[in-house]
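Engineer: Mind looking at a prediction? Sequence and model below.
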Amino acid sequence: MKFFVATSVSSLFALANAAASCSEAARFGTITVSPTSFSAGDSVTINADFTCSQQMGYAPTYTDYYLEVPQNNNGHEPPVLLARRQPATGAVSDSFSVTIPHGYYFPDAGYNVALENTYSHSGSDGSTIFQVGGVYAPVTLAATVNN
């Protein structure tokens, strides 16, 4: 019994130290996009790292990846869904390629590829609830020429 308690305490300290090494900004994951400059029809690779998400209690149940205009959105630029995925339980990474859809992209607009992490927690009555948090990576997207 003493060995079990010592192992449990040791495990808790290891988990606390690992979580302490993660920044608060990484609690929903981190994302990289390659290349960071592209046009509609181009293929891009998206990599997500959920190591800190797992350690901090925000392990993803579902992930959605969007192309979005984060600021100065003129109301005509709703987010474009690039992918919806369901990582395996305990997965610490996700990597895939996606073709950028042929949408109407505006000149001089800043774009992000956003990752929305839907994770589960226990509600006040013990039932499962889903909450969403996100991170993003800035990208450069060539404007679509309107004819």
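Structural biologist: Great, that's in hand. Fair warning: this is a prediction, and the values are worked out from it, not measured in the lab. Numbering: from 1, shown residues only.
Engineer: Let me know the pLDDT of Asn146.
Structural biologist: Asn146 is assigned 59 on the pLDDT scale.
Engineer: residue ranges of the strands in the chain, please?
Structural biologist: For the chain, the strands defined by DSSP state E cover 30-34, 37-38, 43-49, 60-68, 80-85, 93-99, 111-122, 128-141.
Engineer: Quickly run through the sheet partners of the second one, with directions.
Structural biologist: I take that to be strand 37-38. strand 128-141 (parallel) (DSSP bridges).
Engineer: List the buried residues in the strand it pairs with.
Structural biologist: Neighbour counts over strand 128-141 (16 or more other Cβ atoms under 10 Å) mark 134-137, 139, 141 as buried. C-beta here means a position set from N, CA and C on the backbone, and glycine is covered the same way.
Engineer: try stretch 98-112
Structural biologist: Quick answer for stretch 98-112 (16+ other Cβ under 10 Å): 98, 100, 105-106, 109, 111-112.
Engineer: Kindly report the same for stretch 29-45.
Structural biologist: In stretch 29-45, counting by 16+ other Cβ under 10 Å, buried: 29-31, 33, 38, 40, 44.
Engineer: possible to save those residues as JSON lines with distance to Arg85 and pLDDT?
Structural biologist: Formatted as JSON lines, the buried residues of stretch 29-45 follow (distance: Cβ to Cβ, whole Å; pLDDT from 0 to 100):
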{"residue": "Gly29", "distance to Arg85": "12", "pLDDT": "96"}
{"residue": "Thr30", "distance to Arg85": "16", "pLDDT": "97"}
{"residue": "Ile31", "distance to Arg85": "12", "pLDDT": "97"}
{"residue": "Val33", "distance to Arg85": "15", "pLDDT": "98"}
{"residue": "Phe38", "distance to Arg85": "20", "pLDDT": "94"}
{"residue": "Ala40", "distance to Arg85": "22", "pLDDT": "94"}
{"residue": "Val44", "distance to Arg85": "15", "pLDDT": "98"}
